[in-house]
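1. One predicted model, sequence on top.
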Amino acid sequence: MQAKSGIVSRSVSSVSSSRSGSFFAKLMAILSVALTVVLVDSVNAEAEAANSKYAGIVVDAKTGNVLYSENADRLQYPASLTKMMTIYMTFEALEQGRIRLDTPVPFSAHAAAQAPTKLGVRAGGTITVEQGILGLVTLSANDAATALGEMLGGGSEDRFAQLMTAKAHALGMTRTTYRNANGLPNTAQMTTARDQARLGIALRQHFPQYYGYFSTRAFKFGTRTIRSHNRLVGSVRGVDGIKTGYTRAAGFNLVSSVQVDGKSIVGVVLGGASTPARDAQMRNLIATYLPKASSRGGSSALIAEAAPAPAMIVTPAPVMPQKAQPQVAKTITAAQPPISAAAADLSLPHKGPLPDARYQVAETEVAYTETAQPKSDNPLVAQPMPAPTKVKTMTFKQQAKPAPASMRPEQADTAVDNVTTASTTPTSASAASTDNGPTGWVVQVGVSPSRQMAMDLLESAKSKGGKALASAKPFAVAYAAGGDQLYRARFGGFEDQRDAVNACKALKKAGIKCWAAAQ
């Protein structure tokens, strides 16, 4: 019995030893692969940092602090990062109700002729707005970007590019110029890493209800399953988008948003030497600077919270010319946690604070875009969200010091492309607003390219102003700026300065910037 017991013992020991050896062999193999990946990423990241075209930045999205910067203000080509602004303008139109996710997007011959990558919709065909968004965030479809741009630009991609540029400057992207909606090569289309970080933060902060589209891994378009070009989504913890880009002149670009453990950063890599080198550099930046980001505010300070993205979104199939397609195209997305942003801290970085407002007679006028009142004292944090093409005029006493570079006078601002917009027939409310309007104290809430848009802005503001604007008289004042006809949107009928100031304060509480001045 003892002999048999010894044999059994040795057999068990042998089997145990064999299994143990197999386990350790597998463990060593896994560690070897992991070490190889780390070493390759490290080499790629170092090579990328030494690349002469390279530019990068990492911004703490909760404080606006720049955690890392290299060539962040050097002008470079955005390539398909351009589509981030196209998507921003699309989200804005959705939020305002001007379009819906199922609104048809027509494809002109110009849109259909764009170079790949593309959805391949023929001239005369249509897709839905949602399919256009998905085509941009996954495939980076150039034809879909142009089609969306033409639709939002009143049939003209050039006009849409002007609106994109004006919006960029309103967001504080002062060194960015757009010439098309998709990012295909154009030597005049330029940006910086810092500007792209601003845009990345703006997309997440201003449109949390739509931002989940950026984490789409794949979607079905007709008979095709289109997968995302963004390899970091799903492979790096906390990365929820945003966009890749490449042209020969631009190199390999990437903007990444990361939200994890109460911390939030946006990183930008421009001019990468290759896709692996660009992705490795972004991984390195995330690993290095996410631990240094602030967790201040946490989950208790949310401005918005979207529902988790469903595992399957049903969208209508693309409509091709002369061919009805009854099948249903399904969008495949991974289930996502609620998208959130900090109310007080998640704002856009900029070069300096706005000057303090003073209620005095206008002597110098400075244009900026309507935004909500800033809630952070951080000097790198700008106002949150500008309203669409509603540029305001802020007035203040001229001081000994010149206005900051980011606040240029209307007549001298040559950095923003002129925006041409067809005006509409004035409504009865605006028909009487052809002169300078009421005298005395007035409250100005914006500047628009048409009288009708100015009156629409006033109507929206009055609905939010409450009793302080109950007896106010809306009117639009025309003036010329750089050869263009613009209209100042103002309220009159205030008895004195106090009433005008109180009305402006009520508007500011509602998130509308304004200025009180003597007319």
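-> Right, received. Where do you want to start? The structure displayed is predicted, hence computed values, not measured ones.
2. quick one: average confidence on the helix or strand hosting R490?
-> Assigned by DSSP states H and E, R490 falls within strand 484-494. Summarised as a single mean, pLDDT over strand 484-494 is 84.
3. Quick check: buried residues in that strand?
-> When burial is assessed from 16 or more other Cβ atoms under 10 Å, strand 484-494 yields the following buried residues: 486-494. Using the backbone N, CA and C atoms, a C-beta is placed for each residue, glycine as well.
4. Tell me the one of those residues nearest T176?
-> Set against T176, the nearest of the buried residues of strand 484-494 by Cβ to Cβ is L486 (21.9 Å).
5. how about the strand holding R490 as PDB, C-alpha atoms only?
-> Output of strand 484-494 as PDB, limited to C-alpha atoms (Å, rounded to 0.1, in the frame of the first residue of the first chain):
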ATOM      1  CA  ASP A 484     -21.100  93.700 -45.400                       C
ATOM      2  CA  GLN A 485     -24.500  94.800 -44.000                       C
ATOM      3  CA  LEU A 486     -25.000  93.600 -40.400                       C
ATOM      4  CA  TYR A 487     -27.800  94.300 -37.900                       C
ATOM      5  CA  ARG A 488     -27.500  95.000 -34.200                       C
ATOM      6  CA  ALA A 489     -30.200  93.300 -32.100                       C
ATOM      7  CA  ARG A 490     -31.300  95.700 -29.400                       C
ATOM      8  CA  PHE A 491     -34.100  96.400 -26.900                       C
ATOM      9  CA  GLY A 492     -35.200  99.900 -26.200                       C
ATOM     10  CA  GLY A 493     -37.900 101.600 -24.200                       C
ATOM     11  CA  PHE A 494     -36.100 101.700 -20.900                       C
END
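6. Can you tell me the strand partners of it and which way each runs?
-> strand 441-448 (antiparallel), strand 473-481 (antiparallel) (DSSP bridges).
7. Mind checking the pLDDT average for stretch 79-93?
-> For stretch 79-93, the per-residue pLDDT averages 97.
8. wait, stretch 441-451
-> Mean pLDDT, computed over stretch 441-451, is 84.
9. Can you give me the buried ones in it?
-> By 16+ other Cβ under 10 Å, the buried positions in stretch 441-451 come out as 441-451.
10. just stretch 265-278 next, same as before
-> 265-273, 276-278.
11. ditto for stretch 239-249
-> Within stretch 239-249, the residues scored as buried using 16+ other Cβ under 10 Å are 239-247.
12. Mind picking the two most distant members of the residues you listed?
-> D240 and T247 (25.2 Å).
13. In terms of secondary structure, what does the helix or strand containing M89 contact?
-> Secondary structure assignment for M89, by DSSP H and E: helix 82-95. Contacts defined by 3 or more Cβ pairs under 8 Å, 6 or more residues apart in numbering; DSSP states H and E place helix 82-95 against helix 129-134, helix 142-152, helix 157-170, helix 193-206, strand 239-247.
14. For my notes, please list these in TSV and give mean pLDDT for each entry.
-> Below are these laid out as TSV (pLDDT from 0 to 100):
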stretch	mean pLDDT
helix 129-134	96
helix 142-152	97
helix 157-170	96
helix 193-206	96
strand 239-247	93
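15. Sketch out the low-pLDDT regions of the stretch 1-150 of the chain for me.
-> When residues are selected by pLDDT under 70, those of the stretch 1-150 of the chain lie in 1-50.
16. no no, the stretch 201-350 of the chain
-> Scanning the stretch 201-350 of the chain for pLDDT under 70 picks out 297-317, 320-350.
17. what ranges do the helices span in this protein?
-> Listed in chain order, the helices of the chain (DSSP state H) span 2-49, 82-95, 109-112, 129-134, 142-152, 157-170, 193-206, 275-289, 428-431, 451-465, 497-509.
18. what is the orientation angle of the fifth one with helix 157-170?
-> Between the direction of helix 142-152 and that of helix 157-170, the angle (axes from the mean of the first three to the mean of the last three Cα atoms, to 10 degrees) works out to 80 degrees.
19. what are the C-alpha coordinates of helix 142-152, in CSV please?
-> The C-alpha atoms that make up helix 142-152 are tabulated as CSV, following Å, rounded to 0.1, in the frame of the first residue of the first chain:
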residue,chain,number,x,y,z
ASN,A,142,-15.5,63.2,-47.4
ASP,A,143,-18.7,63.1,-49.6
ALA,A,144,-21.0,63.1,-46.6
ALA,A,145,-19.1,66.0,-45.0
THR,A,146,-19.5,68.1,-48.2
ALA,A,147,-23.2,67.2,-48.5
LEU,A,148,-23.8,68.2,-44.8
GLY,A,149,-21.9,71.4,-45.4
GLU,A,150,-23.9,72.3,-48.5
MET,A,151,-27.1,71.7,-46.7
LEU,A,152,-26.2,73.8,-43.7
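20. what angle sits between that helix and helix 82-95?
-> For helix 142-152 against helix 82-95, the angle by the same axes, to 10 degrees is 40 degrees.
21. From the contact counts, what lies against helix 142-152?
-> Against helix 142-152 (3+ Cβ pairs under 8 Å, 6+ apart) you get helix 82-95, strand 104-106, helix 109-112, helix 129-134, helix 157-170.
22. that older thread, among the buried residues of stretch 265-278, which lie within strands?
-> Among the buried residues of stretch 265-278, the subset assigned to strands under DSSP state E consists of 265-272.
23. Just give me the closest of these to S108.
-> Nearest to S108 among those, with distances taken as Cβ to Cβ, is L270, at 30.7 Å.
24. The closest one bridge partners, please.
-> Beta-bridge pairing for L270 (DSSP bridges): A55.
25. For it, which residues are in contact?
-> By Cβ atoms under 8 Å, 6 or more residues apart in numbering, the contact set of L270 is 53-56, 76, 193, 196, 250-251, 253.
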